[in-house]
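S.K.: Predicted model and sequence below, questions to follow.
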Amino acid sequence: MSDDIRRNMALFPIGIVMKLTDLTARQIRYYEQNGLIQPARTEGKQRLFSFNDVDRLLEIKALIEKGLNIAGIKQVLQLQQPAPEKTEITATSEAKRKEMSEKELHQLLKQQILFNNAARHGENALIRGELSRFFH
DNA sequence: TTTCTAACA
DNA sequence: TGTTAGTA
């Protein structure tokens, strides 16, 4: 599946990514500093983002808007990245995406629950809406 | 013109 | 995070 190399191909500079994600260059660079993304670099030190990087930034943006801080996002992202779970290659790419989303949601939920228990409640009202999806 | 790093009224 | 400075 060379679809992966296409998604991971470093293509666009930060200017394009800014428009694609509605994030400021400052934010994008800041998220990189915190290890949320790792865009490639040109010989001139300029960042080159791939489709995956942009996707990741969009997820980060969504989480930020839900009120999470960098630390929280790091944890959420860590639950979906280092999870090479063996998945059947029979499903269509679309069906696979749904499965992944569902799985990510479970992980996110679990993470958020632990998060809320450990920390003091208040700003972490994440999943409130997402919870309904498990009460079908 | 665009991007980069570092730093702060 | 915004924003500015001085580069490459």
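M.R.: Here it is on my side, so go on.
S.K.: where does chain A come near DNA strand B, residue by residue?
M.R.: Within chain A, the positions lying close to DNA strand B (Cβ under 7 Å from any atom of the strand) are A:13-16, A:18, A:25-26, A:29, A:45-47. In short, each C-beta sits where N, CA and C put it, glycine included.
S.K.: restrict those to contacts with DNA strand C.
M.R.: Within the residues of chain A next to DNA strand B, those near DNA strand C by Cβ under 7 Å from any atom of the strand are A:25-26.
S.K.: Is it possible to mark the buried ones in the residues of chain A next to DNA strand B?
M.R.: Among the residues of chain A next to DNA strand B, the ones that count as buried by 16 or more other Cβ atoms under 10 Å are A:14, A:18, A:47.
S.K.: on that earlier part again, so of the residues of chain A next to DNA strand B, which ones are in strands?
M.R.: A:Arg47 (DSSP state E).
S.K.: sorry, back to before: please tabulate the buried ones among the residues of chain A next to DNA strand B in CSV, including the columns pLDDT.
M.R.: Shown next, in CSV, are those (pLDDT from 0 to 100):
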residue, pLDDT
A:Ile14, 97
A:Met18, 97
A:Arg47, 98
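S.K.: Which member of the residues you listed is positioned nearest DNA strand C?
M.R.: Distance to DNA strand C, by Cβ to the nearest atom of the strand, is smallest for A:Met18 among those, at 10.3 Å.
S.K.: Return the residues in contact with that closest one.
M.R.: Applying Cβ atoms under 8 Å, 6 or more residues apart in numbering to A:Met18 gives the contacts A:24-25, A:28.
S.K.: For my notes, please list these in CSV and give pLDDT for each entry.
M.R.: Formatted as CSV, the contacts of A:Met18 follow (pLDDT from 0 to 100):
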residue, pLDDT
A:Thr24, 97
A:Ala25, 97
A:Ile28, 98
